[in-house]
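Participant: okay, structure incoming, though there's no sequence with it:
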């Protein structure tokens, strides 16, 4: 039994669930936070989405079928929660998602939790001009250095489609940076 399988078993057992959930959070909190942060951009929003992600993981652990890796399952939940959050925020502000994301990228300079320089802010502004799927693929491949096979599992798509999305994303980012 792998460590992950043992952890899943402990998460599904009422007697060991609380301790196993603490371990799960310590193992994945930082990675999930940064994955979410790249989507929602704001520290406070990322914290909220991370909390919602762990609540959903906790509530749905018994329906986790173990066909995918626990990590991939949680990443999918985090991705969906972050996208839902962005969509709701855009609807609330009555703006289009790309407009909201561009505003959020503009606000990075004022975010005390963001330590990026001008080049990193320019990169974030370039990323938010991409279609949502290309943003996800680019962030997971470029920043998280994930394998295409893991990204395919999380986003439920083929490796070939991901490679094409990543290639298009890189070309669009390069073009954006050259013109700005």
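Facilitator: It's in. The structure displayed is predicted, hence computed values, not measured ones. Numbering: from 1, shown residues only.

Participant: beyond the helix or strand where residue 77 lies, next helix or strand please.
Facilitator: Element membership for residue 77 (DSSP states H and E) is helix 70-92. For helix 70-92, the following helix or strand on the C-terminal side (DSSP H and E) is helix 97-106.

Participant: buried residues in that next one, which are they?
Facilitator: Within helix 97-106, the residues that count as buried by 16 or more other CB atoms under 10 Å are 100-102, 104-105. Heads up, the C-betas are built off the backbone N, CA and C, glycines and all.

Participant: list just the nearest of the residues you listed to residue 18.
Facilitator: Nearest to residue 18, judged by CB to CB, of the buried residues of helix 97-106 is residue 104 at 35.4 Å.

Participant: need the contact list for the closest residue to residue 78 other than its chain neighbours.
Facilitator: In space, and not counting its chain neighbours, residue 78 is closest to residue 53: 4.5 Å by CB to CB, 6 or more residues apart in numbering. Applying CB atoms under 8 Å, 6 or more residues apart in numbering, one finds that residue 53 lies in contact with 32, 36, 74, 77-78, 81.

Participant: what do you get if the cut-off is 7 Å, keeping everything else the same?
Facilitator: 32, 77-78, 81 (CB atoms under 7 Å, 6 or more residues apart in numbering).

Participant: tell me which element it falls in.
Facilitator: Assessed by DSSP H and E, residue 53 sits inside helix 43-60.

Participant: what mean pLDDT does that helix have?
Facilitator: Averaged across helix 43-60, the pLDDT comes to 96.
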